[in-house]
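Q: how would this look folded up:
(chains A and B)
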Amino acid sequence: MGAFIGLFRRDLRLAVRQGGDTGLVLGFFVLAVVLFPLAVGPEPAVLQRIGAGIVWVAALLAALLSLDRLFEADYQDGGLDLIALSSLPLELAVLAKCAAHWVATGLPLALISPFLALLVDLDPAAISVLSLSLLIGTPALSLIGSVGAALSLGARRQGVVLSILVLPLYISPLVFGAGAVEASVAGLGARAYLLILAALSLAALAFCPWASAAALRQALE
Amino acid sequence: MINWLASPARFTRISAKALPWCGWASAAVLAVGLYWSLVVAPPDYQQGDTVRIMFIHVPAAWMALNVYLFVAVASAVALVWRHPLAEVAARAAAPIGAAFTFVCLATGSLWGRPMWGTWWVWDARLTSVLILFFLYLGYIALVNAFDDPARGGKAGSVLALVGVVNLPIIKFSVDWWNTLHQPASVMRIGGPKIDVSMLAPLLIMAAGFSLLFLTLLMLRMRTILNERKAVALRLNIGAPPEQRRARERAVPAHPGVG
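A: Below is the predicted model of the structure:
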């Protein structure tokens, strides 16, 4: 347990100290969301219709950009070998790293989403659903992304390969997360969508550390 | 049995003999199937002759799903038993499966335009098959993304197993969601709902596609094995003469190309 918390705190400290990884991710998030109203025109009706989708896709891309930081630095300087050799099971080490990644990127994304909802003219009643859906869905993004990051360790063009691997798997949280907001705007109630989103996050929690650890073992051989 | 099949040299010998048979058999079965589908089978009472796209679309879809299952099983065998040919088989099968998926999507789109009035619709079945196509492409990208092919094979094996979760989603998508794509007519509890005059050519085309898959699989596996031998020989050129001769003796000459 001590090793788990130690690894979690180490990764969090690195994320904060190593030049504001959080800041870069949030900056990209805001910029990506700002691009859409400039592209489709400021008409409120159009923006309201696609606003939830825009925020969710931007969150997806922002999460994707921060993923190569998850294992790559430790892989390059040998820290990953030490983590694998320690008494902490590799699956729990992956979980600790994903948790730190989520606190440094996913959680801030969910917290500033109400401000971005204003940029895309989202229905005020739906803003809380948007934040809640991001809060529930971003752990799944960190976990599924960790599988892609572990698989593409040491690959040529790691960033592009990572994106191709992870984006098809990101489609399920995207559909249910954006769908939750759409449903609440339409007055149908977002409960079912949010529950399925939670199920996806829990399934990712159960499955992804195991898959990532297997991929890391292959990379470290 | 698995151990007996593990030798690449034995596979090369057996496939050299089996390949022509498989090739001609698949050509013959496909010829019979195509004639039966396009000429003999009756036109649909609602769709007329357009229904004949089904005889390519449906077997291609079956192959797309089953080849991914093959890739996943081969990957599991490669990971668990370190079987040397399993990883080669998975790597060989993936582009064939991607091609079948593309044929399924393209023929489906061509069929949908006259029948549904649209080239594409974002319902559960079409979306999940599109995701399958991207999973194939991701697998191919990953196994080719490493300088060391063994590393690529291992990473790809894990990815193939992660993507298996998509297969039940595709199969049951027409039951779990309200889709434009029709529900299952052949592989369902209660037996096929389709008349035997159409079921027969459908099954013959499926058999023909399966034989085609086996032919292409053997061709690609032989090519991959030859490629590895070529790389090994090429890497040997800089070695001192005694070592080079010893290593070249270890790489057996194979009877003829492909």
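
Q: can you give me the buried ones in stretch B:197-214?
A: Along stretch B:197-214, these residues count as buried under the neighbour rule (16 or more other CB atoms under 10 Å in any protein chain shown): B:198, B:200-202, B:204-214. All C-beta spots, glycine's among them, are computed from the backbone N, C-alpha and C.

Q: closest one of the residues you listed to chain A?
A: Distance from chain A was checked for each of the buried residues of stretch B:197-214 by CB to the nearest CB. The minimum falls on residue B:213, at 23.1 Å.

Q: assign a three-state SS to that closest one, would you?
A: Here residue B:213 is helix, with the state taken from DSSP: H, G, I helix; E, B strand; the rest coil.

Q: wait, it sits on residue B:64?
A: No - here residue B:213 does not reach residue B:64: they are 10.5 Å apart, not a contact under CB atoms under 8 Å.

Q: mutual contacts of the two, please.
A: Residues touching both residue B:213 and residue B:64 comprise residue B:100, with contact defined as CB atoms under 8 Å, 6 or more residues apart in numbering or on different chains.

Q: how about the residues of chain B by chain A?
A: With CB under 8 Å from any CB of the partner chain as the criterion, chain B meets chain A at residues B:79, B:127, B:131, B:134-135, B:137-138, B:141-142, B:145-147, B:151-152, B:154-155, B:158-159, B:161-163.

Q: excluding its backbone neighbours, what's nearest the closest residue to chain A within the stretch 151-258 of chain B?
A: Scanning the stretch 151-258 of chain B for proximity to chain A using CB to the nearest CB identifies residue B:154 as nearest, at 4.1 Å. Excluding the flanking residues, the one nearest residue B:154 by CB to CB, 6 or more residues apart in numbering or on different chains is residue A:218, at 4.1 Å.

Q: gap between the helix or strand hosting the one you found and the chain center?
A: Secondary structure assigned from DSSP states H and E places residue A:218 in helix A:191-220. Per CA atoms, centre = their mean, to the nearest Å, the displacement of helix A:191-220 from the mean C-alpha position of its chain is 12 Å.

Q: which parts of it are buried?
A: Residues A:193-194, A:196-198, A:200-201, A:204-205, A:208-209, A:211-216, A:218-219 are the ones in helix A:191-220 that count as buried (16+ other CB under 10 Å).

Q: what's the answer for stretch A:113-126, then?
A: By neighbour count, and taking 16+ other CB under 10 Å as the criterion, the buried residues in stretch A:113-126 are A:113, A:116-117, A:119-123, A:126.

Q: with stretch B:146-155 instead?
A: Residues of stretch B:146-155 classed as buried: B:146, B:149, B:151-155 (neighbour count, 16+ other CB under 10 Å).

Q: biggest separation within the residues you listed, which pair?
A: By the measure CB to CB, B:149 and B:155 form the most distant pair in the buried residues of stretch B:146-155, at 10.7 Å.

Q: what is in contact with these two at once?
A: Among the neighbours of residue B:149, those also in contact with residue B:155 (CB under 8 Å, 6+ apart) are residue B:143.

Q: residue A:144 touches residue A:170, doesn't it?
A: Yes - the pair formed by residue A:144 and residue A:170 meets the contact definition of CB under 8 Å, at 6.4 Å.

Q: okay, those two: which has more neighbours?
A: Here residue A:144 and residue A:170 are set side by side on neighbour count (other CB atoms under 10 Å in any protein chain shown), and the busier one is residue A:144, at 29 against 23.

Q: now that one. Its backbone dihedrals?
A: For residue A:144, the backbone dihedrals are phi -60, psi -40 (criterion: degrees, to the nearest 10).

Q: check it and give its pLDDT.
A: In the prediction, the pLDDT value recorded for residue A:144 is 95.

Q: cool, residue B:256 as well?
A: Per-residue confidence (pLDDT) for residue B:256: 44.

Q: and what of residue A:69?
A: According to the predicted model, the pLDDT of residue A:69 comes to 82.

Q: relative to chain B, how far out is it?
A: Distance of residue A:69 to chain B, given as CB to the nearest CB, to the nearest Å: 19 Å.

Q: residues contacting that residue?
A: Residue A:69 makes contacts with A:15, A:21, A:101, as judged by CB under 8 Å, 6+ apart.

Q: quick one: buried ones out of these?
A: Buried residues within the contacts of residue A:69, defined by neighbour count using 16+ other CB under 10 Å: A:15, A:21, A:101.

Q: leaving out chain neighbours, which residue sits closest to the second one?
A: Same thing as residue A:21. In this structure, residue A:21 finds its nearest non-sequential neighbour in residue A:15, 4.8 Å apart by CB to CB, 6+ apart.

Q: tell me the phi and psi of the residue located most distally from the centre of chain A?
A: Seen from the C-alpha centroid of chain A, the residue lying at the greatest distance (CA atoms, centre = their mean) is residue A:43, 29.7 Å away. Dihedral angles phi and psi of residue A:43 (degrees, to the nearest 10) take the values phi -60, psi 120.
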